[in-house]
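1. Any chance you could fold what I've pasted below:
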Amino acid sequence: MVAFHFYRTSQAGWKCDQCRRQGLDVKRRCGFLAAEKRGPKKLVWLRGRVSAEECPKSLVTPGSVELLEKFFGWKFAGGGSLMEMAAKEADAFLILEGELRAEAEAAR
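-> I've put the predicted structure just below:
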C-alpha cells in the first residue's frame with residue numbers, strides 16, 4: 001500500500017542525493033542508514049490513511065514496484081481471473097484494487 005500511494009505522489013522531494021546533502025536522511029529515518037543512526041520511530045510520510053515510519057523511498061522494495069507494474073498491466077489488459085495467479089500476487093492485486101477504488105471514491 002505504501003508503494004501504491006508513494007508512487008502516485010510527486011517524487012521531487014524524495015531524491016536520495018539531495019536528501020543526504022541536506023541531512024534529511026536522518027530526519028526521514030532513511031532505511032539505507034544503520035538502525036542506530038535512524039533514531040526513534042516516528043511518522044515521516046503520510047498520504048491519506050497510509051503512513052510510514054521510515055523514508056518510503058527506502059521502504060518500497062523492488063518486489064513491491066514489480067507488483068505495482070504487474071497490477072497496472074493487468075488492469076490495462078482488462079483484468080482477468082485471479083484464480084490463475086499465485087496467491088501472493090492475487091492478494092496484492094485485491095489490495096491494490098481496493099486502494100484504487102478508494103482513491104477514485106475520494107476524488108468524487
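
2. Output the longest helix belonging to the chain.
-> As assigned by DSSP state H, the longest helix anywhere in the chain is helix 87-107.

3. mind listing what's buried in that one?
-> Within helix 87-107, the residues scored as buried using 16 or more other C-beta atoms under 10 Å are Glu89, Ala92, Phe93, Leu96, Glu99. Yep, even glycine has a C-beta here, placed from its N, CA and C like the rest.

4. Looking at these, which one is closest to Leu82?
-> Nearest to Leu82 among these is Phe93, at 6.3 Å by C-beta to C-beta.

5. Chain neighbours aside, what residue packs nearest to the closest one?
-> The shortest distance from Phe93 to any non-neighbouring residue, by C-beta to C-beta, 6 or more residues apart in numbering, is to Phe71 (5.4 Å).

6. what about that neighbour, how many neighbours?
-> Burial of Phe71 is recorded as 21 neighbouring residues (other C-beta atoms under 10 Å).

7. That one is in contact with Leu96, isn't it?
-> Yes: assessed by C-beta atoms under 8 Å, Phe71 is found in contact with Leu96 at 4.7 Å.

8. Give me the mean pLDDT for the longest helix of the chain.
-> For helix 87-107, mean pLDDT rounds to 93.

9. Who are the packing partners of that helix?
-> helix 2-6, helix 62-76 (3 or more C-beta pairs under 8 Å, 6 or more residues apart in numbering; DSSP states H and E).

10. Columns mean pLDDT on top of those helices, output as a markdown table?
-> Shown next, in a markdown table, are the helices and strands packed on helix 87-107 (pLDDT from 0 to 100):
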| stretch | mean pLDDT |
| --- | --- |
| helix 2-6 | 94 |
| helix 62-76 | 95 |
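
11. got those helices as TSV, with distance to Ala12 columns?
-> Converted to TSV, those look like this (distance: least, C-beta to C-beta, whole Å):
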stretch	distance to Ala12
helix 2-6	13
helix 62-76	18
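
12. got the phi/psi numbers for Val50?
-> Backbone torsions of Val50, given as degrees, to the nearest 10, read phi -110, psi 130.
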